[in-house]
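A.B. asks: got a predicted model here, sequence first, then my questions.
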Amino acid sequence: MNQRISARFDTARQSGRKLLIPFITAGDPDPAWTVPVMHALVSAGADLLELGVPFSDPMADGPVIQLASERAIEKNVTLGGVLDMVRLFRQTDSDTPVVLMGYMNPVERYGRTRFPADAADAGVDGLLLVDCPPVERDDLGSAMDEAGLDGICLVAPTTTRDRVKDIAGVARGFIYYVSLKGITGAGQLELPELSEPVKQIREFSDLPVAVGFGIKNAETAVKVAVHADAVVIGSALVEALAEAESSAQACALATAFVAPVRESLDNMG
Amino acid sequence: MNDERQSQPDSRGHFGEFGGSFVSETLMHALDELREAYGRWRLDDEFVQRMDTDLAHYVGRPSPIYYAQRYSEAAGGAKIYLKREDLNHTGAHKINNTMGQGLLAHYMGKQRVIAETGAGQHGVATATVAARLDQSCRVYMGDVDIHRQAINVFRMRLLGAEVSGVSSGSATLKDALNEAMRDWVTNIDDTFYIIGTVAGPHPYPEMVRDFNAVVGREARRQMLQLCDQLPDALVACVGGGSNAIGLFHPFLNDEDVKMFGVEAAGRGLETGEHAASLCAGRPGILHGCRTYLLDDNAGQIRHTHSVSAGLDYPGVGPEHAWLKDSGRADYVSVTDEEALQAFHQLTRLEGIMPALESSHALAYGFKLAASMRPDQRVLINLSGRGDKDVQTVAEIEGLSL
Ligand SMILES: Cc1ncc(COP(=O)(O)O)c(C=O)c1O
């Protein structure tokens, strides 16, 4: 169990705070801006950071994150480079949990059993591999546990009750509920039903539940937070940051995006 | 050992260390459902009978075996036989698989089918089956391939399919597969994804192999009838590997039958511009399975090149990865230039115009036969016909049609 993640959720639970988890693609729009943007996100009220590891074939991602990944890869951002970013971030922030989100092949190429220890050493707290369901983890699962790296699991609207139970058995840190059938950044007119699926997760697990996919702004964040312990905002933020032309501007855009969401979450009452 | 060879994969879709289901959680239940439905219908008398009838009367099976005498004489060694999948309805082996999956979609009550395509042959075969079963159909195709396989794009549209261009990544087959997967997670309730080769998550590699194994079953019987003997070697091209595994699988326990899978060496393996994942790649994870693939040191999938759109793919079916490592099959490669030469040679000597994919198998089969004795036999899978490639060949030769 990773200390930074559990501590962050425990404190929030006591004070009734809803956690805000922004997602950004590491290295986009510019590798040198990522760490400053991470700090800006924290200052504006983010509780936990999700860093996307760029991959050439992001099957679960919509156009916004696909393009962000392509831009980052063009700037030679690698999994090792992402660890360097986290190491740099940790020099001045030792409390905010950082979770990497990505796909299996870069981890495979880095070394499936070597990676978790190196990631933990760099200051990473959790790992969410989109295309690696728990049954395929093999020795990666035990390597993560040994390193103190939380293997974050997804639950989807299509996940059956039996699978929720199985997933709850191996999940660490928090459970990430994917709010819709679809890819990241998908537009939807109405917010999906959340109370039943979240209730089902809680039946089998004491871990906090974060909800993501399709949350774009303060208004949707608040609606989701009624049911969840944490909300994840990804594509909308990545899209906003893509406009930046300098590190300072990227930080300003990050702050302008996150601050109002934080405020609305705090005023939910 | 023998039994083990033909009873792969295990219940979780693993061929040794390869295969599996590396997909996002949203798809896991759909794959379970598919496994269950396939497990049930494959044994159902009515389903099996309907498949057999359709394969006979609609596809035109069994496809003949043809002794290519003049091609053999030119090689000057072993006798060369061709399994004529090019004579199937729609012109390639791809229809064997789409007949099966289309019918399965029908039995599962799915009204909408989607597919990815490279050369367009799988797209055409999917659109064909969808038209007949009254299913709505969308085919994803890379922009590069839409250009080089224009005739097939038009055929799909005539058949009532929507063809969606894919511009991301390298705008070829791998990107079309990504986009089809994205469609599938979004429309999971009413959509059946007809994957066109033996790649992807479990149960696709097994299911697509089973539907194509009719090729090898027929060929084995036909060779025995024709020559009283099994062939000494089998040769087939490998993109994702469906025509090759379809031919190989029924022969896996025939120890004396050698097997050669031919990959696309493009401009030459040494140039890096090729699509030979088994010959020049390493194990990794792509499109739902662990298999050999082409990537860089950071694990990013590399862009590939082949003159033939159907072989232009950076991965390969996991069963081939397993056959390679176990040593049962050999994997070799043939350049664009050699394939083009074989295309012309077969056309001129035998009056059979092969697909550029199949031309890779022909080029290697010719070399192999040349190194063998006249009393030996090489069976080459002529996986498709070359009508779709006429424009590509003309362009390479500087002609505009
Ligand atoms: C005629 C033909 N042969 C071979 C292939 C390659 O696919 P596979 O390796 O799955 O047989 C294709 C793919 O489009 C094809 O059209």
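C.D. replies: Sure, I can see it.

A.B. asks: hmm, who's touching stretch B:32-47?
C.D. replies: A:Thr160, B:Val48, B:Leu103, B:Leu104, B:Tyr107, B:Met108, B:His202, B:Pro203, B:Met207, B:Asp210 (C-beta atoms under 8 Å, 6 or more residues apart in numbering or on different chains). Where C-beta positions appear, they are placed from N, C-alpha and C, glycine not excepted.

A.B. asks: export these to JSON lines and append columns for secondary structure and distance to the ligand.
C.D. replies: Converted to JSON lines, the contacts of stretch B:32-47 look like this (DSSP: H, G, I helix; E, B strand; the rest coil; distance: C-beta to the nearest ligand atom, whole Å):
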{"residue": "A:Thr160", "secondary structure": "coil", "distance to the ligand": "32"}
{"residue": "B:Val48", "secondary structure": "helix", "distance to the ligand": "23"}
{"residue": "B:Leu103", "secondary structure": "helix", "distance to the ligand": "19"}
{"residue": "B:Leu104", "secondary structure": "helix", "distance to the ligand": "18"}
{"residue": "B:Tyr107", "secondary structure": "helix", "distance to the ligand": "24"}
{"residue": "B:Met108", "secondary structure": "coil", "distance to the ligand": "23"}
{"residue": "B:His202", "secondary structure": "coil", "distance to the ligand": "17"}
{"residue": "B:Pro203", "secondary structure": "coil", "distance to the ligand": "16"}
{"residue": "B:Met207", "secondary structure": "helix", "distance to the ligand": "13"}
{"residue": "B:Asp210", "secondary structure": "helix", "distance to the ligand": "14"}
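
A.B. asks: relative to B:Asp145, which of those residues is nearest.
C.D. replies: Ranked by distance to B:Asp145 (C-beta to C-beta), the contacts of stretch B:32-47 are led by B:Met207 at 24.2 Å.

A.B. asks: give me the distance between the closest one and B:Thr291.
C.D. replies: Here B:Met207 is placed at a distance of 16 Å from B:Thr291 (C-beta to C-beta, to the nearest Å).

A.B. asks: in the contacts of stretch B:32-47, which residue is surrounded by the most others?
C.D. replies: B:His202 (26 neighbours; other C-beta atoms under 10 Å in any protein chain shown).

A.B. asks: got phi/psi on it?
C.D. replies: phi -50, psi 130 (degrees, to the nearest 10).

A.B. asks: for it, give me its contacts.
C.D. replies: Taking C-beta under 8 Å, 6+ apart, one finds B:Pro9, B:Arg12, B:Gly13, B:His14, B:Gly19, B:Gly20, B:Ser21, B:Leu31, B:Arg35, B:Gly288, B:Cys289 in contact with B:His202.

A.B. asks: quick one: which of those sit in helices?
C.D. replies: B:Leu31, B:Arg35 (DSSP state H).

A.B. asks: just the buried residues from the contacts of B:His202, in ChimeraX please.
C.D. replies: Remark: buried members of the contacts of B:His202, expressed as a ChimeraX selection using 16 or more other C-beta atoms under 10 Å in any protein chain shown:
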select /B:9,13,14,19,20,21,31,35,288,289
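
A.B. asks: would TSV of the contacts of B:His202 with pLDDT be doable?
C.D. replies: Output for those, formatted as TSV (pLDDT from 0 to 100):
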residue	pLDDT
B:Pro9	96
B:Arg12	94
B:Gly13	97
B:His14	97
B:Gly19	98
B:Gly20	98
B:Ser21	98
B:Leu31	97
B:Arg35	97
B:Gly288	98
B:Cys289	98
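
A.B. asks: which strand or helix spans the residue lying closest to A:Gly187 once chain neighbours are set aside?
C.D. replies: Residue nearest to A:Gly187 in three dimensions, not counting chain neighbours: A:Gly214, with 7.5 Å by C-beta to C-beta, 6 or more residues apart in numbering or on different chains. Here A:Gly214, judged by DSSP states H and E, is contained in no helix and no strand.

A.B. asks: what's the helix or strand where B:Thr392 lies packed up against?
C.D. replies: Per DSSP H and E: B:Thr392 is located in helix B:390-396. Here helix B:390-396 touches helix B:150-158, helix B:336-350, going by 3 or more C-beta pairs under 8 Å, 6 or more residues apart in numbering or on different chains; DSSP states H and E.

A.B. asks: following the shortest one, which helix or strand comes up?
C.D. replies: Remark: after helix B:150-158, the chain's next helix or strand is strand B:162-166, criterion DSSP H and E.

A.B. asks: do the longest one as well
C.D. replies: Per DSSP H and E, the first helix or strand lying C-terminal to helix B:336-350 is helix B:356-370.

A.B. asks: what packs against that following helix?
C.D. replies: Using 3+ C-beta pairs under 8 Å, 6+ apart: helix B:356-370 touches helix B:69-75, strand B:79-84, strand B:233-237, strand B:258-266, strand B:330-335, helix B:336-350, strand B:377-382.

A.B. asks: what lies in contact with the last one?
C.D. replies: In this case it means strand B:377-382. Against strand B:377-382 from outside (C-beta under 8 Å, 6+ apart): B:65, B:78-86, B:93, B:215, B:219, B:223, B:227, B:229, B:231-237, B:243-244, B:246-247, B:352, B:354, B:358, B:361-362, B:365, B:368-369, B:372.

A.B. asks: would you list the buried entries among the residues you listed?
C.D. replies: B:65, B:78-86, B:93, B:215, B:219, B:223, B:231-237, B:243-244, B:246-247, B:352, B:354, B:358, B:361-362, B:365, B:368-369, B:372.

A.B. asks: that older thread, does the ligand sit close to the helix holding B:Thr392?
C.D. replies: No. Helix B:390-396 does not reach the ligand (C-beta under 6 Å from any ligand atom); its nearest approach is 12.5 Å.

A.B. asks: pull the CA atoms of that helix into CSV?
C.D. replies: Only the C-alpha atoms of helix B:390-396 are listed here, as CSV (Å, rounded to 0.1, in the frame of the first residue of the first chain):
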residue,chain,number,x,y,z
VAL,B,390,-3.2,-3.4,-60.6
GLN,B,391,-3.1,0.3,-59.9
THR,B,392,-0.2,0.0,-57.4
VAL,B,393,1.8,-2.0,-59.9
ALA,B,394,1.1,0.5,-62.7
GLU,B,395,2.1,3.4,-60.5
ILE,B,396,5.4,1.7,-59.6
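
A.B. asks: and the residue of the stretch 101-250 of chain A found nearest the ligand, helix, strand or coil?
C.D. replies: Going by C-beta to the nearest ligand atom, the ligand is nearest to A:Asn105 of the stretch 101-250 of chain A, at 21.1 Å. Using DSSP: H, G, I helix; E, B strand; the rest coil, the structure places A:Asn105 in helix.

A.B. asks: same deal with B:Met141?
C.D. replies: Taking three-state DSSP, the label given to B:Met141 is strand.

A.B. asks: contacts only, for the nearest residue to the residue of the stretch 101-250 of chain A closest to the ligand once chain neighbours are set aside.
C.D. replies: In space, and not counting its chain neighbours, A:Asn105 is closest to B:Gly299: 4.4 Å by C-beta to C-beta, 6+ apart. Counting by C-beta under 8 Å, 6+ apart, B:Gly299 touches A:Phe55, A:Leu79, A:Asn105, A:Pro106, A:Val107, A:Glu108, A:Arg109, A:Tyr110, B:Gly284.

A.B. asks: buried set for stretch B:255-273?
C.D. replies: B:Val257, B:Lys258, B:Met259, B:Phe260, B:Gly261, B:Val262, B:Glu263, B:Ala264, B:Ala265, B:Gly266, B:Leu269, B:Glu273.

A.B. asks: farthest pair within those?
C.D. replies: Maximum pairwise distance in the buried residues of stretch B:255-273, criterion C-beta to C-beta, is 32.9 Å, between B:Val257 and B:Glu273.

A.B. asks: nearest to chain A: which residue in chain B?
C.D. replies: At 3.4 Å from chain A, B:Gly299 is the closest residue in chain B, using C-beta to the nearest C-beta.

A.B. asks: A helix includes that residue, no?
C.D. replies: No. Secondary structure of B:Gly299 (three-state DSSP): coil, not part of a helix.

A.B. asks: what's the burial count for the closest residue to the ligand within the stretch 201-350 of chain B?
C.D. replies: Taking C-beta to the nearest ligand atom, the ligand has its nearest neighbour within the stretch 201-350 of chain B at B:Gly310, 2.6 Å off. By the criterion of other C-beta under 10 Å, B:Gly310 has 34 neighbours.
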